[in-house]
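K.L.:
Dropping the sequence and predicted coords here.
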Amino acid sequence: MARKKKPTAAEPPLPTSDAALAQLIKQRPVGEPQRPPPRRMIGRDEMLALVPYTYPALIELMKRGLFPRARVIGKKLCWPEEEYEQWRVNLPFQRWKGEDDET
């Protein structure tokens, strides 16, 4: 039968309650960098529902550098949501007849 090792002064005892254990897990060592939140990836079918293009047209736009390039995860194509949002925000505005050229 193995003996239990007594905690030393440098080694505090492990908490026994779930709340205390959860608090211990949340603590990070000093100087450890904070991880960014995981990125949401948009699949091909969802992307085709979001944009007014066909799949071959999307491939052509990606080749020309006019649309964010897809990533391959497993055997599926997907796009980072942040890159799609940035592309969408940077789309040109519709110009209307009689509108000033300066706006």
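P.N.:
The structure has been received and is ready for your questions.
K.L.:
ok, what's across the strand from Arg71?
P.N.:
Cys78 (DSSP bridges).
K.L.:
Just give me the neighbour total for it.
P.N.:
13 (other CB atoms under 10 Å). Every residue, glycine included, has its C-beta placed from N, CA and C.
K.L.:
excluding its backbone neighbours, what's nearest Val51?
P.N.:
Leu58 (7.0 Å; CB to CB, 6 or more residues apart in numbering).
K.L.:
Any idea how far the helix or strand encompassing that neighbour is from the middle of the chain?
P.N.:
Leu58 belongs to helix 55-64 when assigned by DSSP states H and E. Here helix 55-64 is found 23 Å from its chain centre; the criterion is CA atoms, centre = their mean, to the nearest Å.
K.L.:
mind checking pLDDT for the nearest residue to Glu81 once chain neighbours are set aside?
P.N.:
In space, and not counting its chain neighbours, Glu81 is closest to Arg40: 4.3 Å by CB to CB, 6+ apart. Arg40 is assigned a predicted lDDT (pLDDT) of 91.
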